[in-house]
Structures are given as C-alpha cells and as structure tokens.
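>>> Below: sequence and its predicted model.
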Amino acid sequence: MFTRIATGIAALSLAGAGVVLAPAAQAVPSGTEAWRAPSCQGHWANTAVWVTCKGQGSASQVRMVFNCRVLGTVVRHYTPWEHLGARSSTTISDSCNFEAVSAKPESRRA
C-alpha cells in the first residue's frame, strides 16, 4: 500500500511541476512528420455510391467499401486502392445494380 501512495505522490509532483511523461511508442523521430489520415465522407443514394476525400498533409491511399442489396441479400464490394496526394482531393464512385445500402472510406499510409 505504501508503494501505491508513494507512486501516486511522485506522479502528482511531476504533473504539478509541468512534467509530462509520454510513452516512447508515441514519440515521432526527429525530422519526420506523423502520418495524418485524409478527411473522407461516404455517400449513397438509390443505386449510386461515392466517397469524397481530401488529403490532410500526408500522402495516402484510399478506397471505398460499399454494400449493395441484391434480392434481399447485402453484398460487400471494394474499389481498388487509389493514391491521394498530401493536399489533393478525389472522389471515388461506383454503382449497385439494385439498391445501395452504405458506402464508407478506408485509408492507409502511402
């Protein structure tokens, strides 16, 4: 019990002094910038599906995952990965044969 109290007091003392302890895994190496995911929004209407994306300062790859309803069954589809520049924007579009159910973006580091 004494160890817990001493650890808590030490942590509060450091925090009060303005010292912030961060895990090493979150540190970004000097000279490199952390990857920022693009800002994307999925849309669907009737049979159309589309995703609009805008780069947020880091090059990325984006694709759309969309669901279509075919005779009562929902089927998932994927578009190929597309390059998205650090400051560019893109629209990925496709269509369903019967009914569009949903569309969402996926992104990864380029």
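Thanks, I have the structure now. Numbers count the residues shown, from 1 in each chain.
>>> who's in contact with the spatially most central residue of the chain?
In the chain, the residue lying closest to the centroid (C-alpha atoms, centre = their mean) is A37, at 5.1 Å. By C-beta atoms under 8 Å, 6 or more residues apart in numbering, the contact list for A37 reads Q56, S58, S60, S107. In short, each C-beta sits where N, CA and C put it, glycine included.
>>> Return the distance of it relative to V62.
9 Å (C-beta to C-beta, to the nearest Å).
>>> What about the closest residue to S93 other than its chain neighbours, how many residues nearby?
Distance criterion C-beta to C-beta, 6 or more residues apart in numbering; nearest residue to S93, sequence neighbours excluded, is W50 at 3.9 Å. Other residues lying near W50 total 18 when counted by other C-beta atoms under 10 Å.
>>> Any idea what W50 is bridged to?
W50 forms beta bridges with H43, S93, as assigned by DSSP bridges.
>>> Who wins on neighbours among the contacts of A37?
S60 (24 neighbours).
>>> I figured that one hits P38, correct?
Yes - between S60 and P38 there is a contact at 5.0 Å, judged by C-beta atoms under 8 Å.
>>> Mutual contacts of those two, please.
Common contact partners of S60 and P38 (C-beta under 8 Å, 6+ apart): C53, L84, S107.
>>> from these, which ones fall inside strands?
Applying DSSP state E to these, the entries found in strands are C53, L84, S107.
>>> So which residues of the protein form helices?
Remark: helices assigned in the chain by DSSP state H are 2-16.
>>> Just grab the bridge partners of the nearest residue to H77 once chain neighbours are set aside for me.
Using C-beta to C-beta, 6+ apart and skipping the chain neighbours, the partner closest in space to H77 is F66 (5.4 Å). Counting by DSSP bridges, F66 is bridged to H77, A103.
>>> try S60
Per DSSP bridges, the residues bridged to S60 are L84, R109.
>>> Alright, I will stop here.
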